[in-house]
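Q: Just to be clear, the model below is a prediction. Sequence and coordinates:
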Amino acid sequence: MSESFSTREIMIAAAAREICDGEVVFVGMRLPLVAFAVAKALHAPTAIGVFENGVLRDRSATQPIVTMSDPPNLDGALACTGLLEVMSLLQRGRIDLGFIGGAEIDRFGNLNTTLTQGVRLPGSGGAADIASFACRTVIIMMHEQRRFQEQVSYRTSPGYGNGADWRTRIGLPGGGPSKVVTSLGVFGFTAEGEMQLESLHPGSSLDDVRANTGWPLLISADVGETRAPSIEEIQLIRRFDTLG
Amino acid sequence: MSESFSTREIMIAAAAREICDGEVVFVGMRLPLVAFAVAKALHAPTAIGVFENGVLRDRSATQPIVTMSDPPNLDGALACTGLLEVMSLLQRGRIDLGFIGGAEIDRFGNLNTTLTQGVRLPGSGGAADIASFACRTVIIMMHEQRRFQEQVSYRTSPGYGNGADWRTRIGLPGGGPSKVVTSLGVFGFTAEGEMQLESLHPGSSLDDVRANTGWPLLISADVGETRAPSIEEIQLIRRFDTLG
Amino acid sequence: MNPIFESKRRQNKLKPLSDAIGDLVHDGDAVAMGLCLESLIPFAAGHELIRQGKRSLTLIGPISDILFDQLIGAGCVSQVIAAWVGNVGAGLGHNFRRAIEDGIPQPLTMHDHSNFTLVLALKAAAMGVPFLPTRTASGSDIVKDETSFRQVACPFTSERLTAVKAVVPDVAILHVQRADCFGNAHLWGNLGAAVEAAYAAERVMLTCEEVVERSVIVADPNRTLIPGMLVDAVVHAPLGAHPSPVQGFWQRDGDSFLRYHERSRKRDDFLAWRDEWITEIPDRAAYRAKLEAEVLNRLAMRNA
Amino acid sequence: MNPIFESKRRQNKLKPLSDAIGDLVHDGDAVAMGLCLESLIPFAAGHELIRQGKRSLTLIGPISDILFDQLIGAGCVSQVIAAWVGNVGAGLGHNFRRAIEDGIPQPLTMHDHSNFTLVLALKAAAMGVPFLPTRTASGSDIVKDETSFRQVACPFTSERLTAVKAVVPDVAILHVQRADCFGNAHLWGNLGAAVEAAYAAERVMLTCEEVVERSVIVADPNRTLIPGMLVDAVVHAPLGAHPSPVQGFWQRDGDSFLRYHERSRKRDDFLAWRDEWITEIPDRAAYRAKLEAEVLNRLAMRNA
């Protein structure tokens, strides 16, 4: 009993599995928004979603939304407040999990959304704040060599810096990245803060990953295959991912 | 055409005259509350009242109130917000005039509401903040020798400190006290920041004032008599001062 | 998951008042109460603290009216961090004076703030920073208290400012108009430092006039000033702020403040008052029953 | 009386959009706009800035979507203080890229913030202090910009923190659901940094869906997040935030953002778009008339 699924769908499924029940999640937009809806429907019914514009929700929006400020994301919200209040929750340590992405990532999970060679990107938004303060972050990115660089050209959102106890030394209270979900696999981080392959998505190979990673990648001793999305997961993803 | 009036009533009338039309006034309780209502009815119809609990009003409460948080002071308010917002208005320089009082005052208009010899008083409340930031303050006090001291035992709310350019040196942006309205007269301040008698209330004498002031008091060259409350002022005071 | 958050993650946080106080407030805790200034003061919760004989509390609040005076007189308090302690309707607080001046019933350490510095101390904690800067009270004796205040230079302008130290309450106890069982709270009227305290505190306990369905909350999410994710317990306590006012529900019972002023003037009289109104009655329902019906009718407002 | 406040003291601040922009915004001003993040973006006011040919503006806003891209492309802007500049629905902002990468139509200085540091910069100004401290973005390249960020040591704990410099806008332009003619404004939905900007700015201009009587304002004073005492001009501009959403009034017009993305990809196409939608139409009424009735019907909400 299996069903075919897209790369986007397995990424959403993998992200959804990172949300535990009861957690307070800084959701973000696009894939994580769908992941949050799937997790709530499946295994995390009491998770709370927080959006940097000031919205707090305990249920997913019932209409598709493009931005966090679209009216369907406000309708049925538990609270509508402001950026400072939500950022205070972050800095105060009240957010369990935050989702972020980027144009470039390095081996220590630092992200760039500001400037690459010759290209001006939109900038941090709230990503640097989420990266600083969430008890853990999950990074979602397409896995391409230009994105997986030994060093990012601009460090917008801090991961583990230069590795080891860098976050503590620099005074970052949040826990840093716990997973990177890419189009090829799922990655964790070693105690030294270095990214490490944990599982390959069905159909992607170690060679694919290595060819698209700009540094000699650590591979976990028990690297496996990312669990394919169940039929239930796929159905939910397709229900919620109307803008996919 | 005259009418008898109490000391309390001439104090309220004198305080009301300090409010200009269009001003934003940090009102406080008791006498200033009545003074604000009288001023609005007579010569300052567009003045705005601000209360440190977070209430902003453009009309006086229609029922008598004991505290700024009594429901009649919230009914018909323009805005209900919080202490931090109102204090931000103060620190940002948005408050024209603030009323304050105290248990002790010294020759430079510094006030004590914290500790006198052997007596623990309730403390500053917002008085130190109003004294720091209002573009000018008007101080209202009973004129008794124990209250008018050469030096206050504890400086709760800064006036002109030790005189001259003290406020600038210490980094206080607000203008400091402009008037002291007492049970005996009305006082201004010299360019050096020292209190100076400007007018005596009808029936009080220079000797009364000197006997109740703990330092050699400056007397303005053109000291006169405080204008007695008009019949209109008295009627308004009696209408609003229901708790007097 | 962080164990400190366990109670915040419960879906139903409704508890009797005695359980909430028992579970959330421990001897020695720093407790923020009476944060709206003169309204929504959680007297029911305060009386339960007295009934349970809590000791060595630090009380935090800008102007918490006679609630602090009662807790001090009952011997629950060893320290106060406040801008004003007394009886707003009548002036001085007799128990506060006795404690400071004569150590009765026990010595009291007072950390004086202004209203502004107190809300800044709570805002710093709410924001998760160790201090916030201000220009207020320069040259005042208040800022000489080095426990709470230090000088700091602006790294841009070199101006000298006062740094106000963050105050992190162990518990914030707030009375609100309504909340759902998860702790999402609607409150309105003057807000004082209530929201800052809820964000600042490690634990948050709500007493409320009404427990409402989630649908009431989400019908006006901009009125949810305290999100349930910060709340550890919700107590249904109508009239729980008496004699202070609750916009939309109760007028201020001014006579009650004046009577307390007289009955707390002498230590023995205060103890008799405490027995009559707190320790000799089991709960808030009994307190309400003791109030005359005429008083309740006079104080009741229609929702506004 | 301080002359700067004269316009704030007027009892009737209603003006046509062109007068409000003409009176309140001058070449070289720092203008905060688009503060709620992706909703209530004052596009009508932004288009009037373009129509009046304002120059050398500094734009301030956390995520102000394509409003900033349009103003940059129209040559009004020499500096941006923001956390994110682009097209939220479609990604990059083409005019922003052209200005930064190629100096077209003119060079642009960018001061990068995170969302948190931007709201802190406005909050500092709102509070009247020159900086606020934070722990965010330590180790990020963002905080290397010494114009906006410096290190400061906590005088209590000695921790190193980042001081965020206050940003004081000359003008804040806000679109709100409703206001009275004195400028008391009710707004709801997600608030972003709107309230902080209104308190921070020297001058405040409101555009609103509805001008209401004072009685509507005082019926719910807790919804008055911007008090009239801070406001200098009120403009009745229904649909003034299109294509961004306005809770209770208008859904987001997503197609419009996508079409703009395509039509701004090349400089010449952008200029044609600007002519068609801004400079060749006289005012917002004409803009509204240009939108198809079907679009307006689709976007309209009942008050929620």
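A: Sure thing, it's come through.
Q: what does chain A have sitting close to chain C?
A: Contact residues, chain A versus chain C (CB under 8 Å from any CB of the partner chain): A:20, A:22-24, A:46, A:48, A:55-56, A:58, A:74, A:76-81, A:84-85, A:88-94, A:96, A:133, A:135, A:173. All C-beta spots, glycine's among them, are computed from the backbone N, C-alpha and C.
Q: ok, now with 6 Å
A: Contact residues, chain A versus chain C (CB under 6 Å from any CB of the partner chain): A:22, A:24, A:46, A:48, A:56, A:76-80, A:88, A:91-92.
Q: Cross those against strands and list the overlap.
A: With strands taken from DSSP state E, the overlap with those comprises A:Val24, A:Ile48, A:Leu56, A:Ala79, A:Cys80.
Q: Among those, which ones lie close to chain D?
A: Within these, those near chain D by CB under 6 Å from any CB are A:Cys80.
Q: which one of the ones in strands among the residues of chain A next to chain C sits closest to chain D?
A: Nearest to chain D out of these is A:Cys80 (CB to the nearest CB; 5.5 Å).
Q: For whichever strand or helix holds C:Ala44, give the mean pLDDT please.
A: Element membership of C:Ala44, judged by DSSP states H and E, is helix C:43-51. Here helix C:43-51 scores 98 as its mean pLDDT.
Q: And that helix, what does it pack against?
A: Applying 3 or more CB pairs under 6 Å, 6 or more residues apart in numbering or on different chains; DSSP states H and E, we find helix C:43-51 packed against helix C:66-73.
Q: Distance from the helix it packs on to the middle of the chain?
A: Per CA atoms, centre = their mean, to the nearest Å, the displacement of helix C:66-73 from the mean C-alpha position of its chain is 11 Å.
Q: Tell me how the chain divides into domains.
A: The chain I'm using is chain A. A:1-95+A:227-244, A:101-226 (automatic domain parsing).
Q: right idea, wrong chain: chain C
A: Taken from automatic domain parsing, chain C resolves into C:3-113+C:168-299, C:131-165.
Q: Would you format those as TSV with mean neighbour count included?
A: What follows is these, written out as TSV (neighbours: other CB atoms under 10 Å in any protein chain shown):
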stretch	mean neighbour count
domain C:3-113+C:168-299	21
domain C:131-165	21
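Q: now these as TSV including distance to A:Gly123?
A: As requested, the domains of chain C are exported to TSV (distance: least, CB to CB, whole Å):
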stretch	distance to A:Gly123
domain C:3-113+C:168-299	27
domain C:131-165	22
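Q: nearest to D:Arg203, of the ones you listed?
A: Proximity to D:Arg203 (CB to CB) singles out domain C:131-165 among those, at 22.6 Å.
Q: and the closest one with chain B, contact?
A: Yes. Interface with chain B: domain C:131-165 contributes C:Arg135, C:Thr136, C:Ala137, C:Ser138, C:Gly139, C:Ser140, C:Asp141, C:Ile142, C:Arg160 (CB under 6 Å from any CB).
Q: and the lengthiest helix in chain A, what's its mean pLDDT?
A: In chain A, taking DSSP state H as the definition, the longest helix is helix A:31-42. Taken as a whole, helix A:31-42 carries a mean pLDDT of 94.
Q: right, and the helix or strand after the helix holding C:Ala44?
A: Downstream of helix C:43-51 (by DSSP H and E), the next one is strand C:57-63.
Q: Determine the angle, from 0 to 180 degrees, between that following strand and helix C:43-51.
A: Orientation check (axes from the mean of the first three to the mean of the last three CA atoms, to 10 degrees): strand C:57-63 against helix C:43-51 gives 160 degrees.
Q: Tell me which other helices or strands strand C:57-63 touches.
A: strand C:30-33, strand C:77-84.
Q: The helix holding C:Ala44 vs helix C:66-73, what angle?
A: Going by the same axes, to 10 degrees, helix C:43-51 makes 0 degrees with helix C:66-73.
Q: what's the closest of the residues of domain C:131-165 next to chain B to chain D?
A: Nearest to chain D among these, with distances taken as CB to the nearest CB, is C:Arg135, at 6.8 Å.
Q: Stretch A:29-47 close to chain D?
A: No. Applying CB under 6 Å from any CB, one finds stretch A:29-47 separated from chain D by no less than 8.2 Å.
Q: is C:Thr233 in a bridge, and if so with what?
A: To be clear, residue C:233 is Ala; Thr isn't right here. C:Met205 (DSSP bridges).
Q: For the chain, which segments count as strands?
A: I went with chain A, as the question did not name one. Counting by DSSP E, the strands of chain A are A:24-26, A:48-50, A:55-57, A:79-80, A:97-100, A:104-105, A:111-112, A:115-116, A:119-120, A:136-141, A:177-182, A:185-189, A:195-200, A:218-225.
Q: should've been chain C
A: Using DSSP E, strands in chain C cover C:30-33, C:57-63, C:77-84, C:109-112, C:131-134, C:149-153, C:160-165, C:171-179, C:185-186, C:203-211, C:224-226, C:233-236.
Q: Let me know the average pLDDT across the last one.
A: The one in question is strand C:233-236. Per-residue pLDDT over strand C:233-236 has a mean of 98.
Q: With the third one instead?
A: For strand C:77-84, mean pLDDT rounds to 98.
Q: circling back to that earlier point, now the residues of chain A next to chain C in TSV, with distance to C:Met301, pLDDT and neighbour count?
A: Compiled in TSV, the residues of chain A next to chain C are given as follows (distance: CB to CB, whole Å; pLDDT from 0 to 100; neighbours: other CB atoms under 10 Å in any protein chain shown):
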residue	distance to C:Met301	pLDDT	neighbour count
A:Gly22	38	96	19
A:Val24	36	97	24
A:Thr46	36	97	14
A:Ile48	33	97	27
A:Leu56	30	98	23
A:Gly76	30	96	18
A:Ala77	29	97	25
A:Leu78	27	98	24
A:Ala79	26	98	27
A:Cys80	27	98	24
A:Ser88	33	98	24
A:Gln91	39	97	22
A:Arg92	35	96	19
